[in-house]
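S.K.: Structure for this input, please:
(one chain, ligands or ions: 1)
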Amino acid sequence: MGSNDLADANECGIGVREILSGDGTVRRRLMVHCDPRSEAVYVSNCAACERCIGFRPPGHGQSGTVLCRRFEGEPTPPVDAGMQAPVRAVMERNIVCVRPDVRVETIAALLLEWGADGVPVVDEEGHPIGMISWTDLLRERLDGTSAPSGPGEAGGADLPSGAPTHATAGDVMTPLVFSVVESTELSRAAALMSAEGFEQLPVVMGDGSVGGLLSTRDVARWVGSSERSGK
Ligand code: SF4
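M.R.: Numbering: from 1, shown residues only. Sure, this is the predicted structure:
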C-alpha cells in the first residue's frame with residue numbers, strides 16, 4: 001500500500017454484529033457502509049472489490065476500518081449534519097442481537113454489560129422480529145413466575161439476581177412493527193419513534209438483516225453535537 005493510495009482513500013468504519021443463540025453460540029459479522037453502493041456490505045465482500053486498498057485492524061477501543069480507493073475526479077462524500085442526516089450517520093454500529101430462545105436472565109446481563117437499553121430479537125437470517133427493553137424484562141418479572149422480592153429489584157438493574165425463570169426472548173419481546181433503513185432521514189426516524197413511543201429502532205441492511213440500532217439517546221447526542229458545531 002503506497003502513500004499515494006492512502007491519500008486517495010476513504011476510511012470506512014467497521015461495525016460488528018453479534019447474534020447470540022440460546023445454546024450460547026455467537027455468530028459474528030463485520031459490516032461497513034459502502035459509499036459507492038450506498039448501502040452497508042459485509043466486510044468479507046470487500047477483499048474482492050477493485051477499490052479495496054486494505055484494512056486497519058481494531059485497537060485501542062476503535063473499530064477497524066476498510067480503506068477504499070477514491071478514483072480521480074470522484075467527489076468526497078458529503079458531511080452529514082442536522083436532522084437531514086441519514087440514520088447511518090447516527091446509529092450504533094456495534095450491536096448484539098439475540099435469538100428467541102435466549103433466556104431473560106442472559107439478556108438482562110447483556111444489557112448491563114453493554115450499558116444498553118434494549119436488544120433486537122432476530123430470526124435465523126438476522127432479520128428483526130422484535131425488541132426487548134428493560135421494560136419488557138420488568139414486565140415479565142412482575143407478571144411471571146418470580147415476583148420482585150425486595151427494594152431495588154423493580155428498578156431493572158437488579159433483575160439478573162432474582163430467581164431464574166424459564167422465560168426466553170421470544171416470550172417477552174415486543175413484536176416488531178417498524179424498522180428503518182440506513183438511508184432514512186433522521187427526522188423521519190425520530191418522528192416515528194416519537195409517535196410510536198419507541199426508545200430504540202433496528203436499522204436494516206439491504207438483505208433485511210439488522211445492521212445497526214438507533215436510540216433516542218443517539219438522536220439526542222447527535223442533535224447536541226450538531227448544535228454545538230453550528231451545523
Ligand atoms: S472496499 Fe469496495 S465494497 Fe468495500 S466498502 Fe469499499 S468500495 Fe465498498
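S.K.: so what's residue 97 bridging to?
M.R.: With DSSP bridges as the criterion, residue 97 is bridged to residue 19.
S.K.: show me the contacts for it.
M.R.: 17-20, 119-122, 126, 128, 210 (Cβ atoms under 8 Å, 6 or more residues apart in numbering). Where C-beta positions appear, they are placed from N, C-alpha and C, glycine not excepted.
S.K.: How about residue 217?
M.R.: Contacts for residue 217 were tallied using Cβ under 8 Å, 6+ apart; they are residue 117.
S.K.: So what's the gap between the helix or strand where it lies and the chain middle?
M.R.: Taking DSSP states H and E as the definition, residue 217 sits inside helix 216-229. Mean-position distance between helix 216-229 and its chain equals 17 Å (Cα atoms, centre = their mean, to the nearest Å).
S.K.: Same question for stretch 188-206.
M.R.: Remark: stretch 188-206 is offset 12 Å from the chain centroid, using Cα atoms, centre = their mean.
S.K.: List the buried residues of it.
M.R.: Buried residues in stretch 188-206, counted by 16 or more other Cβ atoms under 10 Å: 189-190, 192-193, 198, 200-205.
S.K.: biggest separation within the residues you listed, which pair?
M.R.: 190 and 205 (20.6 Å; Cβ to Cβ).
S.K.: Within range of the ligand, give me the residues from this protein.
M.R.: When proximity is defined by Cβ under 6 Å from any ligand atom, the chain lies next to the ligand at 12, 32, 34, 36-37, 41, 45-46, 49, 51-52, 66, 68.
S.K.: one more time with 5 Å, if that's ok
M.R.: Residues of the chain lying near the ligand by Cβ under 5 Å from any ligand atom: 32, 34, 36, 46, 49, 51-52, 68.
S.K.: OK, contacts around residue 168?
M.R.: 22, 100-104 are the contacts of residue 168 under Cβ under 8 Å, 6+ apart.
S.K.: what does residue 216 give?
M.R.: Contacts of residue 216 (Cβ under 8 Å, 6+ apart): 190, 193, 199-200.
S.K.: pLDDT check: weakest of those?
M.R.: Of all the contacts of residue 216, residue 199 has the smallest pLDDT value, namely 89.
S.K.: picking that back up, just the contacts of residue 97: which are in strands?
M.R.: 17-20, 119-122, 128, 210 (DSSP state E).
S.K.: are any of the residues of the chain next to the ligand buried, and which?
M.R.: For the residues of the chain next to the ligand, buried by 16+ other Cβ under 10 Å: 32, 34, 46, 51-52, 68.
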